[in-house]
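Participant: Give me a 3D structure for the following:
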Amino acid sequence: MKFSPKKMLALPLLLLMGEAFADAGNQGNACVDGATIASIDYEGLVHTNPRVVDRELLNKVGEPYSAASFAAEKLRLQDLDLFTEVSASCEPISSNPKSGQALHYHFKEIFRWIPSPAGKKTDRDGLMIGLALANLNVAGEDIRAEVQYRTSVDPVFDNNEYAFYASSPYLLGLPLGWNFEFLRTNSYDDIRDFQDASWLVDLDLDWKLKEHFSILMTGAYRYMEDVEQHLPEVGAGFAFDFRDAALDTRKGIYQEYMLTHVGHGKYEGDDYWELLSDSRAYYPVWRFITGATALLRYRPGNVGFYDYFYHGGANTFRGHESDSLHLGVHEALLTLEERFVLMERHAASLWGINFFYGIQLVAGLDGSLLWDEGHPGWDNYEGAVYGGIHLVIPALDRIRFEVGYSPDNGEPVFYFGLFDKVTSARWRSR
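Facilitator: Okay, here's the model as predicted:
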């Protein structure tokens, strides 16, 4: 489904403290490729309902076991962000090979409750910290819920957010993913120069009609106190998703199109359409993963200054910081990135709490286009190079430490970011 990082911003300190490794890999006897599966059972599902696992499996009882299918379903199960380890083992039913084999899946669950500090990093407010209480697996049904409070670090208590997030890839057993968000913001927007005292209620739906095709729907309501604007939003679209995983993608393509209307035209302010195209492509060679992404948002109509796009920072353009000189009605963000997997995902445990982490080195090119009307030209384009290191972890997807350089800016800039940039770019103004 369309992933929204707004729902999971808790940053447990345990991820930054000591470590204890556990071997990932198969437990027990290896499975015989092509041998009939006589039975399937699970080990280690303490908090997770078995049906959450059932709907991700490709190997079925009565069919020949496939190692390729297990590799694919392992990625699907890891993509749930519920397990630090997923492995399989088999044992023969009898001495007769034709009797088949019993297939055992072994799981180690990630921590479920997270009472912890909360973190958020945006180009506008910088680093925000606070408190959060999150449950990654409500009722064992892969439902995530979180309440949190965040405030800016510099200056402290100047920018404040109160939030509730909830999401799941299924609704009542149907492949209807949903993301719900309630957000109260009270912070000064020094990029667009106004006090952002606003309320937001948002619901996104992702109806998976086929394995690689989804219908997308969104509805939201914003009230902005400082400019006295009531801003309803409604939109629809579709997506083709051929990625091996939504989190830490290694191979495949993703293409999304959305058409959204914002505002109602009864008062001065927003009354525009947004045409969005989100393109992503990844291809691996050994430990190297090449990724190319393009985010385009075109907004015909009347766009209020408080909804102008800005570029600059870890979530948009890693060549300079965001400021009032880089604003526009329409935007295009282009990235070509090379990742090197320095350390594959490792399971770990601290004080009985299970989690995982991995390390990747990155380098790439950022392109930025911002314009107000007509078609963009070269005078609207900026380019930058960047490099850094990413720490892959649960809930946040990744923590990014990067340095960017743009010839127009003339000096390198250090960036700290949460989530993949292609994800955080979609919600940076919220």
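Participant: What are the boundaries of the strands in the stretch 201-350 of the chain?
Facilitator: Using DSSP state E, counting those that start in this stretch, the strands of the stretch 201-350 of the chain run over 213-224, 229-241, 252-263, 271-285, 288-298, 301-302, 309-310, 327-328, 330-350.
Participant: now these as a markdown table including mean neighbour count, distance to residue 407 and mean pLDDT?
Facilitator: Yep, even glycine has a C-beta here, placed from its N, CA and C like the rest. Putting the strands of the stretch 201-350 of the chain into a markdown table (neighbours: other Cβ atoms under 10 Å; distance: least, Cβ to Cβ, whole Å; pLDDT from 0 to 100) gives the following:
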| stretch | mean neighbour count | distance to residue 407 | mean pLDDT |
| --- | --- | --- | --- |
| strand 213-224 | 17 | 37 | 97 |
| strand 229-241 | 16 | 35 | 96 |
| strand 252-263 | 18 | 31 | 97 |
| strand 271-285 | 16 | 26 | 97 |
| strand 288-298 | 17 | 22 | 98 |
| strand 301-302 | 14 | 35 | 94 |
| strand 309-310 | 23 | 20 | 94 |
| strand 327-328 | 19 | 20 | 95 |
| strand 330-350 | 18 | 16 | 95 |
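Participant: Ok, which of those comes nearest residue 205?
Facilitator: strand 213-224 (4.4 Å; Cβ to Cβ).
Participant: sorry, back to before: ok, which of the strands of the stretch 201-350 of the chain comes nearest residue 41?
Facilitator: strand 330-350 (21.1 Å).
Participant: Which helix or strand lies directly C-terminal to the closest one?
Facilitator: strand 353-371 (DSSP states H and E).
Participant: Which strands and helices lie in contact with that next one?
Facilitator: Under the contact definition 3 or more Cβ pairs under 8 Å, 6 or more residues apart in numbering; DSSP states H and E, strand 353-371 sits against strand 83-92, strand 327-328, strand 330-350, strand 381-393, strand 397-405.
Participant: Which one, of those strands, ends up nearest to residue 299?
Facilitator: It is, among the helices and strands packed on strand 353-371 and with distance given as Cβ to Cβ, strand 330-350, at 5.8 Å.
Participant: Sheet partners, orientation included, of that closest one?
Facilitator: The pairing partners recorded for strand 330-350 under DSSP bridges are strand 21-22 (antiparallel), strand 288-298 (antiparallel), strand 353-371 (antiparallel).
Participant: May I see the strands of the stretch 201-350 of the chain organised as JSON lines, with distance to residue 389 added?
Facilitator: Formatted as JSON lines, the strands of the stretch 201-350 of the chain follow (distance: least, Cβ to Cβ, whole Å):
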{"stretch": "strand 213-224", "distance to residue 389": "33"}
{"stretch": "strand 229-241", "distance to residue 389": "28"}
{"stretch": "strand 252-263", "distance to residue 389": "24"}
{"stretch": "strand 271-285", "distance to residue 389": "19"}
{"stretch": "strand 288-298", "distance to residue 389": "15"}
{"stretch": "strand 301-302", "distance to residue 389": "41"}
{"stretch": "strand 309-310", "distance to residue 389": "26"}
{"stretch": "strand 327-328", "distance to residue 389": "31"}
{"stretch": "strand 330-350", "distance to residue 389": "8"}
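Participant: Would you tell me which of the ones you listed gets closest to residue 204?
Facilitator: strand 213-224 (4.9 Å).
Participant: That closest one pairs with which strands, parallel or anti?
Facilitator: strand 194-210 (antiparallel), strand 229-241 (antiparallel).
Participant: What is the distance between that strand and the centre of its chain?
Facilitator: With Cα atoms, centre = their mean, to the nearest Å as the basis, strand 213-224 stands 17 Å off its chain's centre.
Participant: Which residues does it contact?
Facilitator: 1-2, 177, 196-209, 229-241, 256, 258, 260, 306 (Cβ atoms under 8 Å, 6 or more residues apart in numbering).
Participant: Select, out of the strands of the stretch 201-350 of the chain, the one closest to residue 32.
Facilitator: So among these, strand 330-350 is nearest, using Cβ to Cβ, at 25.8 Å.
Participant: then that closest one to PDB, C-alphas only?
Facilitator: The C-alpha trace of strand 330-350 is given here as PDB (Å, rounded to 0.1, in the frame of the first residue of the first chain):
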ATOM      1  CA  HIS A 330       4.700  23.200  -9.000                       C
ATOM      2  CA  GLU A 331       7.600  20.900  -8.400                       C
ATOM      3  CA  ALA A 332       9.700  18.000  -9.700                       C
ATOM      4  CA  LEU A 333      12.200  16.100  -7.600                       C
ATOM      5  CA  LEU A 334      14.600  13.800  -9.400                       C
ATOM      6  CA  THR A 335      17.100  11.400  -7.800                       C
ATOM      7  CA  LEU A 336      19.600   8.900  -9.100                       C
ATOM      8  CA  GLU A 337      21.100   6.900  -6.100                       C
ATOM      9  CA  GLU A 338      23.500   4.100  -5.700                       C
ATOM     10  CA  ARG A 339      23.400   2.100  -2.500                       C
ATOM     11  CA  PHE A 340      26.000  -0.400  -1.200                       C
ATOM     12  CA  VAL A 341      24.800  -2.900   1.400                       C
ATOM     13  CA  LEU A 342      27.600  -2.800   3.900                       C
ATOM     14  CA  MET A 343      25.800  -4.900   6.400                       C
ATOM     15  CA  GLU A 344      22.700  -6.900   5.700                       C
ATOM     16  CA  ARG A 345      19.800  -6.800   8.000                       C
ATOM     17  CA  HIS A 346      20.800  -8.400  11.400                       C
ATOM     18  CA  ALA A 347      18.400  -9.500  14.200                       C
ATOM     19  CA  ALA A 348      19.300  -8.200  17.600                       C
ATOM     20  CA  SER A 349      17.900  -8.300  21.100                       C
ATOM     21  CA  LEU A 350      18.400  -5.900  24.100                       C
END
